[in-house]
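In: what would the 3D arrangement of this be:
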Amino acid sequence: MMLAQAMRLTAEEDLAALPRANEVSLILEHLDFADAEVLELGCGKADKTRQIAAAAPVRRIRALEVDAVQHARNLAGECPPRVDFLQAGAEAIPAEDGSVDIVMMFKSLHHVPVAAMDQALAEIVRVLRPGGVAWISEPVFAGELNEVMRLFHDEQTVRQAAFDAIRRAVAAGQLSLERQLFFRTSSRYGNFADFEARMIRVTHTEHRLSPALLAEVERRFSAHLGPDGAEFFSPQRVDMLIKPR
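Out: Next up, the predicted model:
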């Protein structure tokens, strides 16, 4: 177990030295999903939800999404067996005390309002059974894609706040830090229109870019374009936490 003081916000290695990994493959490697009651907070489009449901022998996955538009899309799409989609936020989880084996947050804690982050961690502790695991991944504030994104959506403050909330929960003994994992993920965009649709014109956040700022974002993005589009490698951190028995 790691102490809160030993937790790292970023990896010690340079970005290029971090291993490339698929996060679904990582979580399947590190966690035992056999007959597990799983809760995902901030499931977004639920791509990872579907992959895990298809690959792991879970009992059930309850996938929560606070964005009403995305939640409606999840309900309208194909729902895998053993998956329930619910509209709710991490700070008020509709689950009984000690009823969950695994909680997953894929890059969603920093989207929780800063004032509610401690409450979200307390809710995770509440619903986890003793010995249950929380897998919380967060993007590291670094990399070329981050430099483009920060022009219109700078998340440095909220990502730091999410890390601090986790560290407070560990320092208070609510959760024990089993390990931290640092790795890189790849994202590819065919052109700027693809990037704009996926990263700017999203339903969960209203980005209002002036024509001048939009032009600057396109200029910065286009510097990475090649014959096959633009590929970015972004650093990620996983805090794997356990509720004490």
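
In: just give me the residue closest to the centre of the protein.
Out: Lys107 (1.7 Å; CA atoms, centre = their mean).

In: please tell me how far that one sits from Glu144.
Out: From Lys107 over to Glu144 the distance is 17 Å, taken as CB to CB, to the nearest Å. Any C-beta I mention is one placed from the backbone N, CA and C, and that applies to glycine too.

In: what residues of stretch 123-138 count as buried?
Out: 123-128, 132-138 (16 or more other CB atoms under 10 Å).

In: same thing with stretch 49-62?
Out: For stretch 49-62, by 16+ other CB under 10 Å, it's 49-53, 56, 58, 61-62.

In: what residues are bridge-paired with the closest residue in space to Glu144 that isn't next to it in sequence?
Out: Closest residue to Glu144 apart from its sequence neighbours, by CB to CB, 6 or more residues apart in numbering: Phe232 at 5.5 Å. Phe232 has the following beta-bridge partners by DSSP bridges: Ser187.

In: surely Phe232 and Ala142 touch.
Out: No. Counting by CB atoms under 8 Å, Phe232 sits too far from Ala142 to count as a contact (11.5 Å).

In: more neighbours, those two?
Out: Phe232 (20 against 14; other CB atoms under 10 Å).

In: packing partners for the helix or strand hosting Phe195?
Out: Taking DSSP states H and E as the criterion, the element that holds Phe195 is helix 192-195. Helices and strands touching helix 192-195, by 3 or more CB pairs under 8 Å, 6 or more residues apart in numbering; DSSP states H and E, are helix 211-222.

In: what is the least confident helix or strand in this protein?
Out: Lowest on mean pLDDT, DSSP states H and E among the helices and strands of the chain sits helix 68-76, with a mean of 93.

In: who's in contact with it?
Out: 43-46, 63, 65, 85-87, 203-204 (CB atoms under 8 Å, 6 or more residues apart in numbering).

In: for His153, state which of the residues you listed is nearest.
Out: His204 (11.3 Å; CB to CB).

In: and the closest one, what element?
Out: His204 belongs to no helix or strand, assigned by DSSP H and E.

In: wait, it sits on Val112?
Out: No. Taking contacts as CB under 8 Å, His204 lies outside contact range of Val112: 11.9 Å.

In: between the two, tell me which one has more neighbours.
Out: For His204 versus Val112, the count of surrounding residues by other CB under 10 Å is larger for Val112: 24 against 14.

In: residues touching that one, list them.
Out: Here Val112 is in contact with 42, 89-91, 120, 162 (CB under 8 Å, 6+ apart).

In: just the ones of those in helices?
Out: Taking DSSP state H, the ones among these that sit in helices are 120, 162.

In: dump the contacts of Val112 to JSON lines, plus distance to Asp194.
Out: Output for the contacts of Val112, formatted as JSON lines (distance: CB to CB, whole Å):
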{"residue": "Gly42", "distance to Asp194": "23"}
{"residue": "Gly89", "distance to Asp194": "29"}
{"residue": "Ala90", "distance to Asp194": "29"}
{"residue": "Glu91", "distance to Asp194": "33"}
{"residue": "Ala120", "distance to Asp194": "32"}
{"residue": "Ala162", "distance to Asp194": "28"}
